[in-house]
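# coords please:
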Amino acid sequence: MAGQKRYCLLLATEDRDFVKDTYGGYFNVFKSLLAEEGEHWDSFPVVAGEFPDEKDLDSYDGFVISGSAHDAFKDDDWILKLCSLVEKLDQMKKKLLGICFGHQIICRVKGGKVGPARNGPVLGLGTITLVNEAAKIGEYMDGIPTSLSIIKCHRDEVLELPEGAKVIASSEKYDVEMFSIGDHFLGIQGHPEYNAEILFFIIDRVLGLGFVKQEFADAARATMEGTGPDRKLWEKLCRDFLKGRQ
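Residues are numbered from 1 along each chain as shown. From the prediction side, this is the model:
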């Protein structure tokens, strides 16, 4: 369709049976947050080595990198290939939204430092606070309150931002919860696409695998009691950034 907006999800996580059975895969989870009527969305499981063809990159209006169970600072073949792709998108000044792992990949590609979280992993609903200059970052921040709730699930973090990056938000445990580079790269450490159902699935999964203790899992569940993430605000912020709304 002439004039149709096109977007690309670079899926860095494996689909779990629960997510496939409940939502049809993480692609649909992201589309529920970001997609609007009349748009075309593609998904490439980069974690499995499937990438968009370089000649097709310019046909997309924006890109999204998902979270991942993998470490953004590792040198797996697919991670290095993803870094090369992000370098190309940077040169093309394409809109790129990085979520969790994607947030860290952007930092790495631009010369920052990523590593294990200094204050340990986090799982559950958390609150992040915008810095004083956040309103000047971009018009996609218009109308966004200074405090936002978001579901968090990560064991790594941005340790040092690259030159030219601007912090948008931080939290008690993490210095860089959101950052931007120019008007085309935006990183978010939390998961605006997650809901309570997905969070509880992840908690049960990591507990069952022995990755966390029962006390940690119980505390993660307790963060959702009587509350939830600011889903509508995250939807607005992410859509407005990705689609360059004024």
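# quickly find the element holding the closest residue to V122 other than its chain neighbours.
Spatial nearest neighbour of V122, excluding adjacent residues (Cβ to Cβ, 6 or more residues apart in numbering): K152 at 4.8 Å. Quick note: C-beta positions are derived from backbone N, CA and C, even for glycine. Using DSSP states H and E, K152 falls within strand 147-154.
# so which bits of that strand are buried?
L148, S149, I150, I151, K152, C153, H154 (16 or more other Cβ atoms under 10 Å).
# strand partners of the helix or strand that that strand is followed by, parallel vs antiparallel please.
If you walk from strand 147-154 toward the C-terminus, the next helix or strand you reach (DSSP H and E) is strand 156-160. Sheet partners assigned to strand 156-160 using DSSP bridges are listed as strand 113-116 (antiparallel).
# which residues sit against the partner strand?
A72, F73, Q104, C107, R108, R155, D156, E157, V158, L159, E160 (Cβ atoms under 8 Å, 6 or more residues apart in numbering).
# in CSV, please show the C-alpha coordinates belonging to stretch 6-14.
C-alpha atoms of stretch 6-14 as CSV (Å, rounded to 0.1, in the frame of the first residue of the first chain):
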residue,chain,number,x,y,z
ARG,A,6,6.6,-0.1,7.9
TYR,A,7,8.2,-1.2,11.1
CYS,A,8,10.6,-4.0,12.0
LEU,A,9,11.0,-5.9,15.3
LEU,A,10,14.4,-7.5,15.9
LEU,A,11,13.4,-10.3,18.2
ALA,A,12,16.3,-11.2,20.5
THR,A,13,14.4,-13.6,22.7
GLU,A,14,13.2,-17.1,22.1
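# ends of stretch 21-40, what's the gap?
Using Cα to Cα, to the nearest Å, one end of stretch 21-40 lies 23 Å from the other.
# hmm, back to that, can I get the buried residues of strand 147-154 in a markdown table including pLDDT?
Formatted as a markdown table, the buried residues of strand 147-154 follow (pLDDT from 0 to 100):
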| residue | pLDDT |
| --- | --- |
| L148 | 97 |
| S149 | 98 |
| I150 | 98 |
| I151 | 98 |
| K152 | 98 |
| C153 | 97 |
| H154 | 95 |
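# in TSV: the residues you listed, plus distance to E37.
As requested, the buried residues of strand 147-154 are exported to TSV (distance: Cβ to Cβ, whole Å):
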residue	distance to E37
L148	26
S149	27
I150	26
I151	26
K152	30
C153	30
H154	32
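# against G228, how distant is L10?
To G228, L10 is 27 Å away according to Cβ to Cβ, to the nearest Å.
# phi first, then psi, for T129.
Main-chain torsions, T129, degrees, to the nearest 10: phi -120, psi 130.
# let me see the contact set for it.
Applying Cβ under 8 Å, 6+ apart to T129 gives the contacts T146, S147, A169, S170, S171.
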